[in-house]
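> curious how this folds, go ahead:
(one chain, ligands or ions: 1)
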Amino acid sequence: MAFDVQPINGTLARVAARLCNFHTGNAELLPAHIDWLDSTLAPIVRDLPTPWVDIIGYASHLGGAAFNQKLSFDRCEAIRRRVETYNPNVSFPIEWGKGETESTGGANDNSGYWRAVEVFVYGFVPAPKPAPPKPAYDRKVRLHFRSTALPVVPEFTALANAQLVYDSCLVLLEFASGVSMGATGDDLLMLDASDGTCRWNDASDQQQLLDKLGGRQGVGPNDVVVYYANQIKEKNGGQLNGCAGHRPNLAAVVVSASGSPWTLGHELGHVLLGPNFTPVHSTDPINIMFAPTTGITAPIPAFTPEQVNRLRASQFCVPI
Ligand SMILES: [Zn+2]
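Alright, predicted model coming up:
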């Protein structure tokens, strides 16, 4: 049996918990949920100048998929309505009703663990005032986020980090779409177990599976798909933070949920620089193409002029 409130540890969140045991078919908060929100989450949200809160809702299998999709979102909404009373500056960049897509158990499973919402509180450093002028972007890369995992560095943080790097090339990273893949438990097992060995001009088994799961719907020919997977395994048993190998003309990167803050910018760099650019990796730890990205020492990693010229000429880097 699930506890009503289960703390979530090991993330970058200031505080996080899974609120379980919502009544069947119902989105009303339990007294224990309200207690936790008011006594544990509220003081942290009040103290942050610009807090952001991610809310991810679930439903058990019992009932229809469409009903459960809406139910999981309604459960998110119940939490959002309470949290927004704590601080007028709070934002909710990710509010995501996953329905029963990730739930385990049989068709009639009604476990309290899945009648649940996960809440994560993060703090933003307030923007310096006056805000610096926006770079005069003249090119852009359109990114479609497809998630099968809850990343340690949330998508919007990763995108904001990557944008800092691409600002210096006047390239805008455009958030074109972001959806849950709706991968089933079996699919996710296959993903985690698949051979994600990263090769150029080729898609790994993992990426082919991700593409097959519908990840390329609505993606233009010059757009880039960013997949988030639980983990990326190599043939030798090692793990990667990201992989930019993809079939020619179907640009995609896979970023592991355990990726560093710079993984997205780095893998995107591989796509834009293309398979023939050398050196593939920089030996300079202030360069975004340094590997591993966890070893990058600059507050904002840079590109060399040669890298900038090449990436701006990529077919995936289109004029604005
Ligand atoms: Zn690399």
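> looking at the chain, which helix is longest?
helix 65-83 (DSSP state H).
> average pLDDT for that helix?
For helix 65-83, mean pLDDT rounds to 90.
> averaged pLDDT, the following helix or strand past that helix. What do you get?
Next in sequence after helix 65-83, counting helices and strands by DSSP states H and E, comes strand 95-97. When pLDDT is averaged along strand 95-97, the result is 81.
> run through the neighbouring helices and strands of the following helix or strand past strand 95-97.
Next along the chain after strand 95-97, taking DSSP H and E as the criterion, comes strand 117-124. Helices and strands touching strand 117-124, by 3 or more C-beta pairs under 8 Å, 6 or more residues apart in numbering; DSSP states H and E, are strand 15-19, strand 50-57, helix 65-83. Heads up, the C-betas are built off the backbone N, CA and C, glycines and all.
> about what we covered before: next, the buried residues of the longest helix of the chain.
By 16 or more other C-beta atoms under 10 Å, the buried positions in helix 65-83 come out as 68-69, 71-80, 82-83.
> would you turn those into TSV with distance to V45?
Formatted as TSV, the buried residues of helix 65-83 follow (distance: C-beta to C-beta, whole Å):
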residue	distance to V45
N68	28
Q69	27
L71	25
S72	22
F73	21
D74	21
R75	19
C76	16
E77	17
A78	16
I79	12
R80	12
R82	10
V83	6
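> so where's the stretch 1-150 of the chain shaky on pLDDT?
Flagging of the stretch 1-150 of the chain using pLDDT under 70 yields the residue ranges 124-133, 148-150.
> apply 80 and report the result again.
Across the stretch 1-150 of the chain, residues meeting the criterion (pLDDT under 80) sit at 1, 11, 66, 93-95, 124-135, 146-150.
> the stretch 151-300 of the chain too?
151-157, 177-218, 227-260, 275.
> for it, which segments are assigned as helices?
With helices called from DSSP state H, counting those that start in this stretch, the stretch 151-300 of the chain shows them at 155-167, 185-193, 205-210, 263-273.
> okay, the angle between the longest one and helix 263-273?
Interaxial angle of helix 155-167 relative to helix 263-273 (axes from the mean of the first three to the mean of the last three C-alpha atoms, to 10 degrees): 50 degrees.
> outside of helix 155-167, which residues touch it?
Residues from elsewhere that reach helix 155-167, judged by C-beta atoms under 8 Å, 6 or more residues apart in numbering: 93-94, 122, 135, 141, 143, 145, 147, 151, 153, 172-173, 175, 178, 226, 228, 255, 259, 261-265, 268, 288, 300-303.
> of these, just the buried ones, PyMOL syntax please.
If you want just the buried ones from those in PyMOL, going by 16+ other C-beta under 10 Å, the selection is:
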select buried, resi 93+94+122+141+143+145+147+151+153+172+173+178+226+228+255+259+261+262+263+264+265+268+288+301+302+303
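> picking up where we left off before, out of the helices and strands packed on strand 117-124, which comes closest to L41?
strand 15-19 (5.9 Å; C-beta to C-beta).
> quick one: buried residues of whichever helix or strand comes after that closest one?
Sequence order places helix 31-36 as the next helix or strand after strand 15-19, per DSSP H and E. For helix 31-36, a neighbour-count test (16+ other C-beta under 10 Å) marks H33, W36 as buried.
> packing partners for helix 31-36?
Using 3+ C-beta pairs under 8 Å, 6+ apart: helix 31-36 touches strand 5-7, strand 15-19.
> out of those, which gets nearest to S60?
Using C-beta to C-beta, the nearest of the helices and strands packed on helix 31-36 to S60 is strand 15-19, at 13.7 Å.
> who does that closest one touch, helix- and strand-wise?
Strand 15-19 packs on strand 5-7, helix 31-36, strand 117-124, going by 3+ C-beta pairs under 8 Å, 6+ apart.
> for the ones you listed, give me a markdown table that also has distance to V280.
Shown next, in a markdown table, are the helices and strands packed on strand 15-19 (distance: least, C-beta to C-beta, whole Å):
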| stretch | distance to V280 |
| --- | --- |
| strand 5-7 | 42 |
| helix 31-36 | 48 |
| strand 117-124 | 33 |
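> the ones you listed: which one's closest to C317?
Across these, C317 has its closest neighbour in strand 117-124 (28.1 Å, C-beta to C-beta).
> report the distance from the closest one to the chain centre.
How far strand 117-124 lies from its chain's middle: 13 Å, per C-alpha atoms, centre = their mean, to the nearest Å.
> in its sheet, what does that strand sit against?
strand 15-19 (antiparallel), strand 50-57 (antiparallel) (DSSP bridges).
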